[in-house]
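# Any chance you can model this:
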Amino acid sequence: MDNNHDSEARYSIYISELIHRLREGLPLTEVEGGDLEEWRKPAGREEVFQDLMDRRRFVASVKEMKGYDAEAAVAEVLEQLGLRASQETGWGRRVGWGRMVGWGRWAAAAVVLLAVVAVWVLKPGRKVEVPAAPAVVVAADGNKATLTLANGKTVMLDTVKNGVVINQGGSKAVKMGDGRLGYQPGGSAAVEYNTLTTPRGGQYQLTLPDGSRVWLNAASAITYPTVFVGNERLVKVSGEAYIEVVRDAGKPLRVEAGGQRVEVLGTSFNINAYADEPAMRTTLVEGKIRVNSGAVAKVLAPGQQAVGAGLEVLSGVDMDEVLAWKNGAFSFRGADIQTVMRQLARWYDIDVEYPEGVPAGTFDGEIGRGLTLNQVLEGLAKARIKYTIATAHKIIIRP
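Predicted coordinates:
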């Protein structure tokens, strides 16, 4: 056996294994991550890597391999690795994996297929027709939240059936047929406080005990009583929420978020109070609200937005951009890369680092939140943003 060919074959399988693991969300060691980054440096390699990481492109490549003898390629790779082939199983062969014990036959077969497709991707003159990304406006698994009760008990709402979730003194928490959480009057006026929390990559809808509706964005939370008593309705918000308030002149809704308080009689508004954003933003869609921050107070009219602790009031705000998240999209108007990546980080549950500095430039446009992360990153690549997928949950952005 040619030692050079043997070494090259082993290296190809090793790199394919790393790509396969990364694509399946499995962690890489620091050494493995470094090896994969080194492999991606030569010209043309990054495009191959992105093709193999994108499932649509991968499947398209497999379907296109009509005249390419993939089985023979697998047999050649196995022969070079000193692995024996056994009985037929349909596609390719079932293999006695010898020194690859522990990986499992399916994973090993996937790695070899990945290696074969990598060879195909590198063939000169090939052109793969990739199907267009589906026009999806919500993530399939995005409707997720945890309900934390007053006694500390937690309920994963995406895993429970529709119907009564819990009886709590003055009310019943009910999961509705459309997936949102609502409340029905109970047998007493006892007040308990619940907190609804969405994870990164999740969102949820809630109907408060007074009938007001709340949309929670990813990585957000709202704390509220199970029944409103007294002369006010007080809730606390972190992250981002859109609220449609049921009018009650004698009992205004007050929302506390990021050190500010918003007073509402009956209206619709959006509040963005993420801790990692430069400033809190409260945007009025319709009605009238008063925003208080320390000794400063401002009354907003529809289309206005209060920004930061000083409550700078902006008029003529682009509502499509503000409410894009609620409508299943990302919308950017002159946004810098950090603004873009903060939103992507919360939705795709990733961390973003800029070890060599932050790239200049701004972005405009709208994309559906149902796209895969790879599809979104492809768009960044077309905008000449350089990035590295360090792990399944870490993206490196370079100037």
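# Can you pull out the low-pLDDT segments for the protein?
1-10, 12, 24-25, 44, 51, 54-141, 169, 187-189 (pLDDT under 70).
# how's it carved up into domains?
3-122, 146-321, 328-398 (automatic domain parsing).
# what about the strands in the stretch 101-250 of the chain?
Assigned by DSSP state E, counting those that start in this stretch, the stretch 101-250 of the chain shows strands spanning 146-148, 154-156, 163-168, 171-175, 181-185, 193-197, 204-207, 213-216, 221-225, 233-244.
# Can you tell me what sits against the fourth one?
Outside strand 171-175, the residues within contact range by Cβ atoms under 8 Å, 6 or more residues apart in numbering are 147, 157, 160-166, 181-186, 194, 209, 226-227. C-beta coordinates here come from the backbone N, C-alpha and C atoms, glycine included.
# So what are the sheet partners of it and their directions?
Its sheet considered, strand 171-175 pairs with strand 163-168 (antiparallel), strand 181-185 (antiparallel) by DSSP bridges.
# how many degrees apart are it and strand 221-225 in direction?
Interaxial angle of strand 171-175 relative to strand 221-225 (axes from the mean of the first three to the mean of the last three Cα atoms, to 10 degrees): 150 degrees.
# circling back: okay, the strands paired with strand 171-175, which one's buried deepest?
Of all the strands paired with strand 171-175, strand 181-185 carries the top mean neighbour count, a mean of 17, counting by mean count of other Cβ atoms under 10 Å.
# Report the angle between that one and strand 193-197.
Angle of strand 181-185 versus strand 193-197, following the same axes, to 10 degrees, is 160 degrees.
# Use 101 as the first number for this chain going forward.
That works, and once the first residue is 101, the last one we named lands at strand 281-285.
# Can you list the neighbours in contact with strand 281-285?
Strand 281-285 has contacts (Cβ under 8 Å, 6+ apart) with 245, 247, 257, 265, 270-276, 296, 304-309, 326-327.
# just the buried members of these?
Listed as buried from the contacts of strand 281-285 are 245, 247, 257, 265, 270-275, 296, 304-309, 326-327; burial here means 16 or more other Cβ atoms under 10 Å.
# neighbours around the closest residue to Phe369 other than its chain neighbours, how many?
Nearest non-adjacent residue to Phe369, counting by Cβ to Cβ, 6 or more residues apart in numbering: Leu384, 4.9 Å away. Number of residues near Leu384 (other Cβ atoms under 10 Å) recorded here: 24.
# ok, now Ile485?
What Ile485 shows, counting by other Cβ under 10 Å, is a neighbour count of 18.
# again, but for Ile343
Using other Cβ under 10 Å, Ile343 has 24 other residues around it.
# Repeat that for Thr439.
Neighbour count of Thr439, defined by other Cβ under 10 Å: 14.
# what bridges to the closest residue to it other than its chain neighbours?
Among residues not flanking Thr439 along the chain, Phe432 sits closest, at 7.2 Å (Cβ to Cβ, 6+ apart). Legend: beta-bridge partners of Phe432 under DSSP bridges are Gly465.
# What are the buried residues along stretch 382-391?
Neighbour-count burial for stretch 382-391 [16+ other Cβ under 10 Å]: 382-385, 387, 389-391.
# Can you lay out those as TSV showing distance to Arg361 and secondary structure?
What follows is the buried residues of stretch 382-391, written out as TSV (distance: Cβ to Cβ, whole Å; DSSP: H, G, I helix; E, B strand; the rest coil):
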residue	distance to Arg361	secondary structure
Thr382	10	strand
Thr383	16	strand
Leu384	15	strand
Val385	19	strand
Gly387	17	coil
Ile389	10	strand
Arg390	9	strand
Val391	8	strand
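# right, and out of those, which lies closest to Glu117?
Thr383 (48.1 Å; Cβ to Cβ).
# Show the contacting residues for the closest one.
Taking Cβ under 8 Å, 6+ apart, we find Thr383 in contact with 369-372, 404-405, 417, 419, 422.
# Gln268 and Gly279: what is the separation?
Between Gln268 and Gly279 the distance, using Cβ to Cβ, to the nearest Å, works out to 20 Å.
# brain fart, Phe432
Distance, Phe432 to Gly279, by Cβ to Cβ: 28 Å.
# before we move on, what about Lys494?
For Lys494, the distance to Gly279 (Cβ to Cβ) stands at 31 Å.
# swap in Glu332?
With distances taken as Cβ to Cβ, Glu332 is found 29 Å from Gly279.
# shouldn't Leu480 be in contact with Ile489?
No: contact criterion Cβ atoms under 8 Å: Leu480 and Ile489 do not qualify, at 11.7 Å.
# out of those two, which sits in the more crowded spot?
The residue with more neighbours, out of Leu480 and Ile489, is Ile489; 23 against 19, by other Cβ under 10 Å.
# Buried residues, the host helix or strand of that one. List them.
Here Ile489, judged by DSSP states H and E, is contained in strand 486-491. Within strand 486-491, the residues that count as buried by 16+ other Cβ under 10 Å are 487-491.
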